[in-house]
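Asks: Here is a sequence together with a model predicted from it:
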Amino acid sequence: MTPTQEKAILGFIVLAAFVLRALFIGHESLWPDEALYLYISKNLTIDPLALKDVHGEWFYQNPPLFMYLLSFFMRTDILQPHVLAHFLTVAMDTGIVLISFFIGKKLFGTTVGLISAALLTVNPLHWCTSSRILMDIPLTFLVHPANAGVTIK
């Protein structure tokens with residue numbers, strides 16, 4: 001396979017991954033966790049130290065980096081907060097597809113990298129979690145490259 005073919009196939013896979021996940025960006029329903037993360041993120045736009053839940057208790061059940069990232073983007077007022085948060089998780093999930101390609105390519109070759117990215121692109125469970133404002137996708141997006149750095153030398 002030539003490098004041009006590899007780039008074209010990978011580009012198609014990444015574009016398909018983004019489009020398949022972006023179809024769910026505008027859905028209206030929020031799970032309770034999603035509403036809580038949005039609430040905390042909105043409070044963090046006002047006071048960066050206000051990492052508190054709806055009852056005023058300190059919220060340390062999950063890592064706060066994603067909520068701080070959401071609060072940073074909420075200050076732009078480009079989109080509604082829930083749409084912005086969904087877009088951010090979709091972008092991170094598309095990044096996971098790309099990272100999976102590079103891990104598969106480094107360990108087993110280009111063909112395996114493309115297959116792993118393609119399989120992750122069409123995985124319905126991955127679609128479901130990427131369409132929600134949960135910690136699963138940001139955590140995977142950050143841990144996946146870390147694991148790759150440790151295992152690939």
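Replies: Received, thanks.
Asks: three-state assignment of Ile40?
Replies: helix (DSSP: H, G, I helix; E, B strand; the rest coil).
Asks: what sits against the closest residue to it other than its chain neighbours?
Replies: Using CB to CB, 6 or more residues apart in numbering and skipping the chain neighbours, the partner closest in space to Ile40 is Met67 (5.1 Å). C-betas here are computed from N, CA, C, even on glycine. By CB atoms under 8 Å, 6 or more residues apart in numbering, Met67 lies in contact with Tyr37, Ile40, Ser41, Leu44, Leu51.
Asks: List the buried residues in the helix or strand where Met67 lies.
Replies: Using DSSP states H and E, Met67 maps to helix 65-74. Across helix 65-74, burial judged by 16 or more other CB atoms under 10 Å covers Phe66, Met67, Leu69, Leu70, Ser71, Phe73, Met74.
Asks: Is it correct that Ile40 is in contact with Trp58?
Replies: No - contact between Ile40 and Trp58 fails when scored by CB atoms under 8 Å: they sit 10.6 Å apart.
Asks: joint contacts of these two?
Replies: Common neighbours of Ile40 and Trp58 (CB under 8 Å, 6+ apart) are Leu51, Lys52.
Asks: So for those two, which sits in the more crowded spot?
Replies: Ile40 (22 against 9; other CB atoms under 10 Å).
Asks: how close does the more buried one sit to Val14?
Replies: 31 Å (CB to CB, to the nearest Å).
Asks: quick one: low-confidence ranges for the protein?
Replies: 28, 152-153 (pLDDT under 70).
Asks: can you do 80?
Replies: 24-30, 62-63, 77, 148-153 (pLDDT under 80).
Asks: can I assume Leu65 is in contact with Leu139?
Replies: No - taking contacts as CB under 8 Å, Leu65 lies outside contact range of Leu139: 9.2 Å.
Asks: residues touching the closest residue in space to Leu79 that isn't next to it in sequence, list them.
Replies: Leaving aside its chain neighbours, Leu79 sits nearest to Phe87 (6.9 Å; criterion: CB to CB, 6+ apart). Phe87 is in contact with Ala22, Ile25, Leu79, counting by CB under 8 Å, 6+ apart.
Asks: What number of residues are in the vicinity of Tyr60?
Replies: 9.
Asks: Ramachandran angles for it?
Replies: phi -130, psi 20 (degrees, to the nearest 10).
Asks: Quick check: the gap between it and Thr151.
Replies: Distance from Tyr60 to Thr151, by CB to CB: 30 Å.
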